[in-house]
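In: give me the fold of what follows.
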Amino acid sequence: MTRVTASRAEDAALFGRPLFDDPSVRALKRVGVVDVGSNSVRMVVFDGAARSPAYFFNEKVMCGLGLGLAETNRLNPTGRERALAALNRFAALARGMGIQDLTVVATAAVREAEDGPRFQKEVEELTGLKLTVIDGDQEARLSSQGVLLGWPDAQGIVCDIGGNSMELARIGGGEVGLRGTTPLGPFRMQQVAGGAKERRAHIQKVLKPLRDLLQPRRDRIFLVGGSWRVIARLDMERRKYPLTVLHEYRMQPKDVLDTLDWIADSDPQALRAATGTSAERMELVPLASEVLRELIAMFDPSEIDISSYGIREGLLYEAMPQRLRERDPLIEAARAAEMSSARIPGFGKTLYQFLLPLFEETRAERQRLIKAACLLHDTTWRAHPDFRAEMCFDNATRANLGGLDHPGRVFLGLALLHRYKNNRSGTRFDHLFPLLTEEEIREAEVLGKAMRFGAMFAMDDLTQAGRLSWKPKKRVLALHLSEKGLPLFGEVAQARFRSLANSLDATAEVKAP
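Out: As a prediction, this is how the structure comes out:
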């Protein structure tokens, strides 16, 4: 039966004491979270910047705890043994990592099974871990908060699919609003009598109350959950999409429907081999596909986006003070990388201010990428000089970075590549450049060459060395050197300044004291 609820005041300490006692805190001590789902049990240990945490440890066991629950009303016996073994291992790992408080939550399978309370007790007796069972409303809220951790300005509907349930929630303005839970997980769908026609009628009947509650209006839909991620990875395979990063992968509804047709007509073994999907996960994809098809028909989304962040990240978001939630996850991650890896932590901000005259007319979304690039410009200095450019590009396009879509990743990577290399032709990244327009490629090159030049003054205070001025109509780029900056403007710096001017199709002028 579908259950729907309205937004309410939430208990911020639902899972224990807040992680962030100081509202101004930015650093995050090592934090462990375990999600006991209907299909998998996963432990994630976060580390690094609190607003955009890094994954210090990430392990998943496909237990199938909720397999057959609809028929027996009990946890799957084999899944139960595998889950207990996984949790015992995770508890030992947490102790070895020095994690004092390991947060462990269970979702639909444990909360619905008649032997769920007994399982909770067994977990505590065997491992010493306290297993908190959350209801569907809390699950919807936490998974939506996970989306907000990566997308602070996200507006639309979150849809989180697990093995035994599927939650939907409306998000906007940094808040989670109306939400509800349904029994539309693939394990539950296996128990619907009849064939495809009966399942379709069942899905439509279950979804209708949530459609009436959430009142979709050409929203973006944010998909959370393993089955959705497999479908997105298959969409990439069908379309020959060049960047196989699932987070913030964006799809048009028609493309998704074409992919669902393609999946139905394809050999599952061939799909598994092409994408590296486990047999347990692939087995659930056809039923998840049926649910997604009806979701698209009934909610008519403008776009469908994949979020790799869910309940586990939502638990972190739960504990964050509002001041921390409002920070930009991309800038926070870049700042953390600079503090831990750059030769001169803090220079990125100075570099950005020095280069700002070139980008004063740039729109806000591009400005944040410029800031991130300046913070990251020196974080691969330990690599061999021949490979720094490639490492920069790989870090930007593959790293765990929130608040960054795929074209943004390539733009950032290309700018950082040009930080170390004048020429981009012949790189192994050429197949990714079509994700950008020609104008965006040119802008990334200008930014990279600007950072390449500005870094020549890294051993001194840029504001004391000189300043840049840019006259776009006259196409004149001027460098106003101070007496302190004059001796730093050697042959290499001069060559890099000319290269920057050429990328702007500008005349280079140097004004010495």
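In: next, count neighbours for the closest residue to P301 other than its chain neighbours.
Out: Leaving aside its sequence neighbours, P301 sits nearest to I221 (CB to CB, 6 or more residues apart in numbering; 4.3 Å). In this view, the C-beta of every residue, glycine as well, is placed from N, C-alpha and C. Neighbour count of I221, defined by other CB atoms under 10 Å: 24.
In: start to end distance for stretch 418-426?
Out: Taking CA to CA, to the nearest Å as the measure, stretch 418-426 stretches 13 Å from start to finish.
In: next: stretch 52-71.
Out: Termini of stretch 52-71 sit 41 Å apart (CA to CA).
In: per-residue confidence averaged over that stretch?
Out: Here stretch 52-71 scores 90 as its mean pLDDT.
In: list the buried residues of that stretch.
Out: Within stretch 52-71, the residues scored as buried using 16 or more other CB atoms under 10 Å are 52-54, 57, 60-70.
In: and what of stretch 254-262?
Out: Residues of stretch 254-262 classed as buried: 256-257, 259-260 (neighbour count, 16+ other CB under 10 Å).
In: could those go into JSON lines alongside distance to Q191?
Out: Formatted as JSON lines, the buried residues of stretch 254-262 follow (distance: CB to CB, whole Å):
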{"residue": "V256", "distance to Q191": "26"}
{"residue": "L257", "distance to Q191": "26"}
{"residue": "T259", "distance to Q191": "26"}
{"residue": "L260", "distance to Q191": "22"}
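In: farthest pair in those residues?
Out: L257 and T259 (7.2 Å; CB to CB).
In: please name the nearest non-neighbouring residue to T103.
Out: V33 (4.9 Å).
In: how close does the one you found sit to F56?
Out: Going from V33 to F56 by CB to CB, to the nearest Å gives 11 Å.
In: now the closest residue to G150 other than its chain neighbours, what are its backbone angles?
Out: Distances taken as CB to CB, 6+ apart put G402 closest to G150, at 3.8 Å, once the chain neighbours are dropped. The phi and psi values for G402, taken as degrees, to the nearest 10, are phi -80, psi 160.
In: name the element H202 belongs to?
Out: Per DSSP states H and E, H202 falls inside helix 196-214.
In: CA-only coordinates of that helix in CSV, if you can.
Out: Only the C-alpha atoms of helix 196-214 are listed here, as CSV (Å, rounded to 0.1, in the frame of the first residue of the first chain):
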residue,chain,number,x,y,z
ALA,A,196,3.7,-7.5,-18.1
LYS,A,197,0.1,-6.1,-18.5
GLU,A,198,-0.8,-6.8,-14.9
ARG,A,199,2.5,-5.3,-13.6
ARG,A,200,1.9,-2.2,-15.7
ALA,A,201,-1.6,-1.7,-14.2
HIS,A,202,-0.2,-2.3,-10.7
ILE,A,203,2.6,0.3,-11.2
GLN,A,204,0.1,2.8,-12.5
LYS,A,205,-2.3,2.2,-9.5
VAL,A,206,0.6,2.6,-7.0
LEU,A,207,2.0,5.7,-8.6
LYS,A,208,-1.2,7.7,-9.1
PRO,A,209,-1.5,8.9,-5.4
LEU,A,210,2.1,10.1,-5.5
ARG,A,211,1.5,11.9,-8.8
ASP,A,212,-1.6,13.6,-7.2
LEU,A,213,0.5,14.5,-4.2
LEU,A,214,3.6,15.8,-5.9
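In: please consider this matter closed, and thank you.
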